[in-house]
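1. Okay, here's the prediction I keep looking at, along with the sequence it came from:
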Amino acid sequence: MIRYIIRRLLISIPILLIGSFACYVLVASAGNPLAEMRFRPGVTEADIKAAEISLGLDKPVFVRYWNWLTDFLSGDWGQSIALGQAKTAVFPAVTDALWTTGRLVIGAELLALTLGVSVGVLAAVRQYSIFDYLATSTAFLMFSMPIFCVAVIVKNYGIQFNNVLESMGLERWLTTAGPRPGGFSGSFGEVIFKYTGTFLLPTVALMLISFAAYSRFERASMLEILHSDFVRTARAKGISQSRVIFRHAFRNALIPVATLFSLNFGGVLSGAIITETVFGWAGMGTLLVNSVRQFDPPMLMGWLAVTATLIVLFNLVADVVYGILDPRIRLG
Amino acid sequence: MANINLAPEGGVVNSAPQSDSHEFDATKTRTQGQLVLRRFLRHRLAMVSFGVFVFLILFAFIGPLIWTYDFEDVSSKAYQPMSGTHPLGTTQVGKDMLALLMRGTGYSLQIALIVAALATAIGVIFGALAGYLRGFVDTALMRLVDLLLIIPQIAVAAIVVKGFSGSWYVVALVLAAFAWMQIARITRGETLSLSQREFIEAARACGATTPRIIFKHLVPNMIGSITVNATLAIATAVLTEAALSFLGLGVQPPDTSLGVIVLENYGQFLNRPWLFWGPFIVLVSLSLAVNFIGDGLRDAFDPRQTKVRA
Amino acid sequence: MRRTKALPAIALLASASLVLGACGGGGGGNNADGGDATIADMATARGESADGYTAPETKQSGQIVVTTDKPFTSYNNATEDANQSYNTFALVLVQPGAHILNGNNKFSLNKDVMESIEVTSKSPQVVTWKLKKGVSWSDGEAWDCDDFYMAWFTQSNAAKKADKGKYFKPAGTTGYDLMTGECKDDQTFVGTFAEPYPDYIGLFNNDVLPAHIVEKQTGFADITKLTKDSPPADLQKVADFWNEKWNGFTKELMPGAGPYVLTGFEPNQSVTLERNPKWAGKPGGPEKIVLKAVSDPVAQAQALENGEVAVNSMAQPDANAATKLKSLKPQGITFGAGPGLSFEHLDLQFKNPVLAKEEVRKAFFMCVKRQDIIDKLITEVQSDAKPLGSLIFFPKDEGYKDVYGDKAKGDPAAAKKILGDAGWTQGADGVFAKDGVRASFRISHTDIPRRKQTVELIQGQCKEAGIEVKDDTDPNFLDERVSAGDYDVALFAWSGSPLKSEKKSIYETGGGQNWQNLSVPAADEAFKSGVSQTSISDSLKYFQKADEEIANAYGSLPLFQMPNMWAFKGLDRVYFQSYYGALWNANEWQTK
C-alpha cells in the first residue's frame, strides 16, 4: 500500500511540472500587471520600465518560471506583483482563502454525503414508493439546476426569513456576507447559534447540488447490488433484511459514491467558488478572479499549487478507499 | 449499462433482435435501431423533454426572425416592466429581454452542442485507441487525463478568457478540453472488454486496419453508451458554461449566453423578478430536458431495463 | 435636473472660500428619514467652519461595520506597490494631514493638528506649514515636523542611486519633487519650490507617516538629517523600511495620530479601527469601525439589507445594487450617489488620417448622444447625472464651465450637415465618404461591460449620422497600446483631481501622457501660465482658457463622471468622499 502511494505521488510530479509551466506561461503572457501605472499622475514610461525591471518582468518567461519554481521548491511562494496589493505574501493569502472556502466545503460536503447516501439507500430499498419518486425527482431537479441560481434564491429567501424573525420580535439570525470580523462572543450556546447562522445559507446552497449527485449515484448502485447474485444468495440463506442491506449491500454500494466524492473535487471547488461569489465571501474564487484579472503570476501559481496538490491527494484517497471498501482491488 | 452483448459484426443497423425480445410479438423481426427508437418513443417523459428541447431550439434560432425587437436594439427605455410590447421587460441599457433571451439561449445551445460533439469525438477516438492498442498509447492517454484533472477547469477558463479572448467558441473549446475525459474513460473501458471478443480477433485476422476496426467494429457496438453520454455532455456543458459566465469567466460581451444574462440581472431578483426568472426557467428547462432525453435514451438502449415496457 | 440646495449658514460660510455653491449630488437628495440633513448637506462636515476644520462634539456609539469593494493592503499608501484608494479609505482616520477634503472636494485646514499654512515668499515660492503643538501618535511620540520631512523626502525622489535608480519607490512625486524641505523647529516645516507651484494646498494631506518608527526600526537616529547626499547605506536602509515594511499589518509599527488607530487586520477581508485615546481633537464617533471588503456590490447591498453592516460604500457604480438599495428606503436605508473621481472620455487620435480631418471630429462629437448614454448606464445609480462639460474641471469645482454642451448635442442631422457642408457624400451603405476615404473608425477599450455598452450605444447613434463606428474590445488595451497611441478613438477614464496642474502632461503638445498627439498652441500657452502661478485662485483663469481651447480643437470628448454610491442605516450622516471614501468624517457619525 505504501509503495503504491509513493509511486502514485512520484508519477504526479512530472505532471505537476508540465501543468505549472503551461499555466505560468499562459498567465504571464496574458497581460502586464503594471499597465494601470500609466494613469497615475506624473508617472513616466521610464518609471514603468524601472518597476518592470525591479519585478523581473523584463526577463524571458522561461527564466521567470525557473526562478519561481526554484523559489517555490525552497519554500518561498513569493509575493504578489499586482498594483495596490502591496507585495502581499502568496502563501498566507492562499491559505487564508482556502480556509474560507474550506469551511464552506467541508460542512456542505459532509451534510450532502450523509443526506445523499441515506436518501439514496432508502429510495433504493423502497423502490417505486412515494418516497423514491419524491427523492428521485428532487435529485433530478437539483441535478439540472444551475448552482448560482440556487444560491441566489436561497440567499434572498434567507433574508426574507430574517425579516419574518424580526417581525416576530426575534433577533435576525442568518447572515450572508461571511463570518463577523473578530469572531463571536457570548456563551457557548450563543456562539454555536451565531456560527450556524453565518454558515447556514451558503452551506445549504452548496449542499443541495452535491446532495443531488450523491443520492442519485447511491440509489443506482444500491439498486444494482440489491439485484445482484450475492445479495440474492444472502437473502436465500435467511439473513435478516437489515443485515443484508447494511452488511452486504451498503458497503459495496458506497464504492461508486466514494469515487464520485474524491473525483468530484474540481466540481465541488467551482461550486464553492460560485457560492462564495454570490455571498461575497473572499475565498478561493475571489483570489482566482483577482489574480487573473491583475495578471499576477505568483499569486495564481500559489492558487494552482494548492488546488493541484489537493486534487492529487483526493485522487489518491479515492484509490485507497477503494481498496478498503472492496478487498478484491489490490493496490500495488 | 452497456449493450456489449449485442450482435457482433454488423453493428446496430443489421443486427438481429435479441434473445430477450419476449417483449414483442415475434411475428416480425425488428432491427436494433427500430427497437431503440420504439422504446424511446414510448418513454413519455423523454418525449415531452424532446418536445421542450425542439421548442427551445426553435425559440433560439427561429424566434429572433419573428420577434419585433433585435437583441442589439437599445432604443427602448431602461428597465421597463413586463408589458405587451416587452413581455419580459427591458434591461438596463434598454434591450428587450425576450430578444436577449433568445440570443442567449442560442449561444448557450451552440456552445453546448459544439462541446458535446467535440468531447464525444475526441473522447471516443482517444478512448478506443487507448483501449484497443493499450501499452504506450494507453499510458500516454492516462497521463494526459491526469494532467487535465490536476488543473481546475475554472482556472484555465479564467486565464484564457481574461487574458486572450472571451468569444463563445473559445469558451466552447475550453469546455470541450475538459469534457472529453469522461467519455474517453467509458469508451476505453468498453473497448478493453470488446477487444477480447472473437469478432474483433476475427477482423484483425482478416487484416483490418486499426481505424477500420475502431470505426467499423468497435464504435457501432458502443453506440448506445456513446449516445447517452453525448447527451449528458450537452446538459453538463449548458450548466458549466452558465456557471463560468456567471463568474465572469465565461462568454464575454458582445457575445452573450444564459449565464451572462443571469449575471447581469440576478441583483434584480426581488425588485424586477422577471429579469431573473426568465433566463432561470429557460436554463433549467434546457438542462432538465436534455437530462431526461439522456435518461430515455439510456433506457431505450439498455435491453436489461425493464422499467419501460414496450 | 441638478438641484442647488440652500445650505445651512455654517456650510455656506465654509464654502465661500473655494466653492461658490454646492450642487446636490445626492441620488435622492431627499430627507434621510428621521434626520434633518439631506444627502447634499452631508457632503460638508459638521466640524467645518470658515477658517478650517475642528472635530465637533460627537455622541459616542458602538461598533459599526462598513463595507467597500476591495481590501486594505498597506499602512504606507504612498508606495508604488501599495497605492490604491482602498488603503486611503481606512488611513484617512489614522494618518491626519494638513487639510480635510469634504464631500464637495473642498479643502479645510485640519485645525486639530495644524496652526497655519502660509506662502511666505513668492519668488522663489516658499511655503511654511505650522503644526500644532501637543499632537501625538498613539504610541506617545510627537506628531511633528519629522513626519512632514519624511513625507516630503521619500516622495520627492530627490535621492538617486549612482546608476540613477531610485531608493524610495513612491507612487507619485507631484509637487514634492519641486520642493526642498527643512524643519525650522519641531512645529515648523518650510518648503522652498524650485519653480512656482500653485497646488501646494494638495501636499501633506495624506501619507504623513510616523518618522519615529522608521528611526527606531532602522537605527537611523534623526530622519531630518537624511538628505540626498547621505551615505548610500543609510538611504538604502531607510528606503528598505519605507518601501515594504509597512505592508500588511503589524500593530506596533502602525500607530495612529488621527481620531482612530488600526487595531486588527484579516488579510483580504477586513481592517479594524478603534478610537485613538491620544487623539488631539474632540473624541467621538463609533467606538470601533470594521472596514470590510465585499467584492460583489449586490452582496454588499444585501448585507446592509440583512442588518449585518451599517454602511455600504462602492467606488464602482452598479445598477443592480442601486435598485436594491433604493427599494430599501421604507426599511430606513438611505441611499446616496454622487459624481466620483474618474470620468470616461473619448480620445481621438490625431495621427489617424480620417480623424485628422476636423469635420469628421466635429460630426462625431455631434452624433454622440451623451445624455442617452447616461440615461442607460448611469441614471439608475445617480438620477441627476449630466454629461461632463470639461476635461479639466468637475461641475463642483470653482471655474467649471460647460464647453462641450453645444459641440456634442447628440444631433445626427447636424452631424450629417457638418459632413455634407465639407463635401462628404453618403455612400450606398449609408456611410459618408470623401475622396475614397470613409467616415469609419474603431473605438478601442478594455473588456469592462460598461465600456462595451457605451460603444454599442455610440454605434447606434452615429449610424444615424452616417458615421461607421467599429468596436475594438481588447483586455490589454491599457497596456502598451494606449500609450503607443495605437487606436483611432480610445475610451477610458482619467482620474480627476482638485489640482489642475496634473492635467498639463495630458493635453500639452508632446506631453508625457498626451498619447493622442493633440497639439493646441493656445492651450499650451495657457497651461504654462497656469502652472507658474503661486496660488490656485490665480491659476484658474488660465486653466479655463486651456479647457476652452482644447474643446475648440475637438480632440477629446468627456462623457460622464463615474458615480460613487453608498448607503447607510441607523447613522445620521454618511457621505462618500471621492478620494477618501466613506470614513473621512466617521469621527462625526452618530447613531440615530
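-> Now that the structure is in, tell me what you want to look at. Numbering: from 1, shown residues only, chains lettered A, B, ... in the order given.
2. In chain B, what helix or strand scores lowest on average pLDDT?
-> Sorted by mean pLDDT, DSSP states H and E, the helices and strands of chain B end with helix B:11-14, the least confident at a mean of 37.
3. What's the first helix or strand after it?
-> Downstream of helix B:11-14, the first helix or strand assigned by DSSP states H and E is helix B:32-41.
4. Would you mind measuring the gap between the ends of stretch C:343-355?
-> Using Cα to Cα, to the nearest Å, one end of stretch C:343-355 lies 22 Å from the other.
5. And for that stretch, what's in contact with it?
-> Outside stretch C:343-355, the residues that touch it by Cβ atoms under 8 Å, 6 or more residues apart in numbering or on different chains are C:356, C:360-361, C:364, C:368, C:388, C:391, C:394, C:437-441, C:443, C:451, C:454, C:485, C:487-494, C:496, C:515-519, C:554-562. Heads up, the C-betas are built off the backbone N, CA and C, glycines and all.
6. for the closest residue to residue A:199 other than its chain neighbours, helix, strand, or coil?
-> Among residues not flanking residue A:199 along the chain, residue A:107 sits closest, at 6.1 Å (Cβ to Cβ, 6 or more residues apart in numbering or on different chains). Here residue A:107 is helix, with the state taken from DSSP: H, G, I helix; E, B strand; the rest coil.
7. how much space between residue A:107 and residue A:206?
-> Residue A:107 sits at a distance of 8 Å from residue A:206 (criterion: Cβ to Cβ, to the nearest Å).
8. Among the two, which residue is more densely surrounded?
-> Neighbours per residue, other Cβ atoms under 10 Å in any protein chain shown: of residue A:107 and residue A:206, the larger number sits with residue A:206, 28 against 18.
9. residues of the helix or strand harbouring that one that come out buried?
-> For residue A:206, the element it lies in under DSSP H and E is helix A:188-226. Buried residues in helix A:188-226, counted by 16 or more other Cβ atoms under 10 Å in any protein chain shown: A:194, A:197-226.
10. wait, residue A:25 sits on residue A:65?
-> Yes - applying Cβ atoms under 8 Å as the test, residue A:25 and residue A:65 come out as touching, 7.0 Å apart.
11. Please say which of the two ends up with more neighbours.
-> The neighbour comparison of residue A:25 against residue A:65 (other Cβ under 10 Å) goes to residue A:65, with 19 against 15.
12. Which residue, other than its chain neighbours, is closest to the more buried one?
-> residue A:24 (4.6 Å).
13. Now the host helix or strand of that neighbour: average pLDDT?
-> In this assignment (DSSP H and E), residue A:24 forms part of helix A:2-30. Computed over helix A:2-30, the mean pLDDT rounds to 85.
14. Can you name the next helix or strand after that helix?
-> For helix A:2-30, the following helix or strand on the C-terminal side (DSSP H and E) is helix A:45-55.
15. close to chain C, is that next one?
-> Yes - using Cβ under 8 Å from any Cβ of the partner chain, helix A:45-55 reaches chain C at A:45, A:50-51, A:54.
16. Around residue B:38, how many other residues sit close by?
-> For residue B:38, the count of nearby residues is 15 (other Cβ under 10 Å).
17. ok, back up a step: only the buried subset of the contacts of stretch C:343-355, as a ChimeraX command please.
-> Remark: buried members of the contacts of stretch C:343-355, expressed as a ChimeraX selection using 16+ other Cβ under 10 Å:
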select /C:360,361,364,368,388,391,394,438,439,440,441,443,451,454,485,487,488,489,490,491,492,493,494,496,515,516,517,518,519,554,555,556,557,558,559,560,561,562
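18. just the strands in the stretch 51-200 of chain C please.
-> Using DSSP state E, counting those that start in this stretch, the strands of the stretch 51-200 of chain C run over C:52-53, C:60-61, C:64-68, C:99-101, C:107-109, C:114-122, C:125-131, C:179-185, C:188-193.
19. oh sorry, the question was meant for chain B
-> Assigned by DSSP state E, chain B shows no strands.
20. Which residues of it lie near chain A?
-> Counting by Cβ under 8 Å from any Cβ, the residues of chain B close to chain A are B:143, B:146-147, B:149-156, B:158-160, B:162-164, B:235, B:239, B:242-243, B:246-249, B:259, B:262, B:266, B:269-270, B:276, B:280, B:283-284, B:287-288, B:291-292.
21. Against residue A:35, how distant is the residue lying closest to residue A:32 once chain neighbours are set aside?
-> Excluding the flanking residues, the one nearest residue A:32 by Cβ to Cβ, 6+ apart is residue C:479, at 4.6 Å. Per Cβ to Cβ, residue C:479 is found 4 Å from residue A:35.
22. in chain A, what residue is nearest chain B?
-> Chain A approaches chain B most closely through residue A:30 (2.4 Å), counting by Cβ to the nearest Cβ.
23. Could you do the stretch 251-400 of chain C as well?
-> Across the stretch 251-400 of chain C, no residue is closer to chain B than residue C:320, which sits at 2.5 Å (Cβ to the nearest Cβ).
24. returning to what we had before: pull the contacting residues for the residue nearest to residue A:65.
-> Contacts for residue A:24 (Cβ under 8 Å, 6+ apart) come out as A:61, A:64-65, A:68, A:297, A:301.
25. again with residue B:296
-> By Cβ under 8 Å, 6+ apart, the residues touching residue B:296 are B:40, B:43, B:45-47, B:49-50.
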